[in-house]
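Novice: predicted structure and sequence below. I'll ask about it afterward.
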Amino acid sequence: MTANEAACRAVGTLYNALMTGLVISLVSRRGSDTAREYIFRHFRRQHLEKFLPGLQKLGIAGEKDAPACALYHYHSNALGGVKTGYLRESDTKAWVRYPPPRWMWKGTAIAAVPHEVSAAFLHGWHGHNGVSLKNPGLGFVCTGMTVDGKPGLEGYYCDYGRPLKEEERVRFAYNEEMPRIGWKTQPKLETANWPEERRLRTYRSYAMGYVQTMLPVLQDLLGPKDAQVEMGRVARLVGLQFHEETARDLDLPTDVETGDLESARLFARWLAAILAAEGEAVSSEEKDSAVVIRMDGWKLARELQLADPLAGFDAWNELWLGAAGAHDRFLKVETSRSYGDKGWRAAWRIAPR
C-alpha cells in the first residue's frame, strides 16, 4: 500500500468512526428519537444531493426504476468500500443486500443501534427514490436489518404500478428473504471508466460525504452550539481511539511520549498526510522550536452553508486534537482559524509543552 493509499484509507477509517460514534452518542445522550431524526435528515439530504446525479455517473440512468435503484446502492456502496449484493428478479423488482459487518455500525457499536434509528436510514433515502424518479408507484420492502439480529440489511425495490401512500413507500416484511446470489457473478463497473486512482478518490470522498452532511444537518437539528458540543466530543474520542491504527498504516511510529521537537515533527507528518489525502492545500514549516501546519482553504466545507461556520470547524478540529493527545500527551497543539470573504485559513502549531 502506498503512502497516499494509506492516507486515503485513514480518512475513511476516521470519518466512518465519527459517523458511527455520533449516532451512538445521540442515542445514549439525547435519546433514540433525536438519533432517528438525525439519521432521517442526514440521508434525505444525501439522497437529494447525490441520487439522480449518481445514476448518470454510474451509467445506469437508462435502467428500469427498480433495478436502477438497487444497482445504485450496489455500485455506490462498493466504490465506498462497503460490501453489497444485488439481484434483479424482473423489471419491477430488484434486491439489494448489505451483509455483515455493517460499515456504518462498525464493530460492537451495532449493539447500541435501535431498530427505529436504523430504519430511519431507509425512510430518509430508499423510500424517497420513487419521488425523485417521479414514479409514485415505486417503494422499498425491507426483509431484514442487522440491528435486529438478521444476517444483513436487505430488501427489494418494487414498482407496484399504482400510486403509494407515504407510509407505504417503506414497509417491513421479515417473513420474506432475498434469494441466493452468486458473489462471483455480481455486476461490475466498466474498468476503463473507473480506474484504481478514481476508485481510491471515491472511497475517500464516500467517507468525507458523511462529514459534509453531518455538519449542516447537526447544526440545523441541535443548533450550532449544541452541535459543536456533541460532534466535538465524539471527534476528540475518535481521534484518541483511532490515531494509533492510522499512524501504523502510514508507517509512522506509535507509543511516542518524548514531548520533543522530533515528536512534533512526527505528528505534523501524520496530520499533513491526512489533510492532503482529503484534498486540502497544506504546507509545513519549522519555526521557533515548533512545527506549523497551514491549511489554505477548507475544501471539506467549501460548498456548505453552515449556520455557524466557526463552530463547525471547531467541532471537526477536535478530531486532530484528540489524535495529538494519543500520539504524544506531552505535546501542545494550538489552532488558529479564520473565515471571511477570502475563505478559510487555518494553522496548527505543534510544539513541546
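Specialist: Ah, there it is.
Novice: for residue 88, phi and psi?
Specialist: phi -100, psi 120 (degrees, to the nearest 10).
Novice: okay but it is in contact with residue 94, surely?
Specialist: Yes: counting by C-beta atoms under 8 Å, residue 94 is a contact partner of residue 88 at 4.7 Å. Using the backbone N, CA and C atoms, a C-beta is placed for each residue, glycine as well.
Novice: find the residues that touch each one of the two.
Specialist: Both residue 88 and residue 94 are in contact with 67, 70, where contact means C-beta atoms under 8 Å, 6 or more residues apart in numbering.
Novice: when these two are compared, which one has more neighbours?
Specialist: residue 94 (25 against 17; other C-beta atoms under 10 Å).
Novice: pretty sure the more buried one contacts residue 157?
Specialist: Yes: using C-beta under 8 Å, residue 94 is in contact with residue 157, at 5.3 Å.
Novice: list the residues that contact both of these two?
Specialist: Residues touching both residue 94 and residue 157 (C-beta under 8 Å, 6+ apart): 66, 67, 69, 70.
Novice: helix, strand or coil for the closest residue to residue 239 other than its chain neighbours?
Specialist: Nearest residue to residue 239, sequence neighbours excluded (C-beta to C-beta, 6 or more residues apart in numbering): residue 322, at 2.6 Å. Three-state assignment for residue 322 (DSSP: H, G, I helix; E, B strand; the rest coil): helix.
Novice: residue 236 is in contact with residue 322, correct?
Specialist: Yes: Residue 322 lies in contact with residue 236 (C-beta under 8 Å); the separation is 3.8 Å.
Novice: more neighbours: which of these two?
Specialist: Taking neighbours as other C-beta under 10 Å, residue 322 and residue 236 compare with residue 322 leading, 22 against 19.
Novice: circling back to that earlier point, which of the shared contacts of residue 94 and residue 157 count as buried?
Specialist: Buried members of the shared contacts of residue 94 and residue 157, scored by 16 or more other C-beta atoms under 10 Å, are 66, 67, 69, 70.
Novice: adding distance to residue 276, write these out as CSV.
Specialist: Conversion of these to CSV gives the following (distance: C-beta to C-beta, whole Å):
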residue, distance to residue 276
66, 41
67, 39
69, 36
70, 36
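Novice: in helices only, show me the residues you listed.
Specialist: Counting by DSSP state H, those place 66, 67, 69, 70 in helices.
Novice: adding pLDDT, write those residues out as TSV.
Specialist: Below are those laid out as TSV (pLDDT from 0 to 100):
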residue	pLDDT
66	98
67	98
69	98
70	97
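Novice: among these, which one sits closest to residue 39?
Specialist: Nearest to residue 39 among those: residue 69, at 19.3 Å, using C-beta to C-beta.
Novice: what sits against the closest one?
Specialist: By C-beta under 8 Å, 6+ apart, the residues touching residue 69 are 94, 96, 126, 129, 133, 138, 140, 157.
Novice: which ones among these map onto helices?
Specialist: Taking DSSP H, the ones among the contacts of residue 69 that sit in helices are residue 129.
Novice: what comes up buried for stretch 204-220?
Specialist: So, applying 16+ other C-beta under 10 Å, buried residues of stretch 204-220: 204-219.
Novice: scratch that, stretch 12-26 is what I was asking about
Specialist: Under the neighbour-count criterion of 16+ other C-beta under 10 Å, stretch 12-26 has 12-26 buried.
Novice: can you show me the strands along the stretch 1-150 of the chain?
Specialist: 85-90, 93-98, 138-144 (DSSP state E, counting those that start in this stretch).
Novice: and the average pLDDT for the first one is what?
Specialist: Okay, so that is strand 85-90. Averaging pLDDT along strand 85-90 yields 96.
Novice: direction included, what does that strand pair up with?
Specialist: When pairing is defined by DSSP bridges, strand 85-90 lines up against strand 93-98 (antiparallel).
Novice: ok, and what's touching the partner strand?
Specialist: So strand 93-98 is contacted by 66-67, 69-71, 73-74, 77, 82-89, 146, 152-159, 178-179, 181 (C-beta under 8 Å, 6+ apart).
Novice: ok, then the element right after the helix or strand of the chain with the lowest mean pLDDT?
Specialist: When the helices and strands of the chain are compared on mean pLDDT, DSSP states H and E, helix 196-222 comes out lowest with a mean of 88. Using DSSP states H and E, the helix or strand that follows helix 196-222 towards the C-terminus is helix 224-249.
Novice: quick one: that next one to chain centroid distance?
Specialist: Distance, stretch centre to chain centre, for helix 224-249: 14 Å (C-alpha atoms, centre = their mean, to the nearest Å).
Novice: okay, buried residues for that helix please.
Specialist: 224, 227-228, 230-240, 242-243, 246-247, 249.
Novice: same check on stretch 110-127?
Specialist: Across stretch 110-127, burial judged by 16+ other C-beta under 10 Å covers 110, 112-114, 117-127.
Novice: likewise for stretch 154-164?
Specialist: By neighbour count on 16+ other C-beta under 10 Å, the buried set for stretch 154-164 is 154, 155, 156, 157, 158, 159, 164.
Novice: point out where this structure drops to low pLDDT.
Specialist: Flagging of the chain using pLDDT under 70 yields the residue ranges 190-196.
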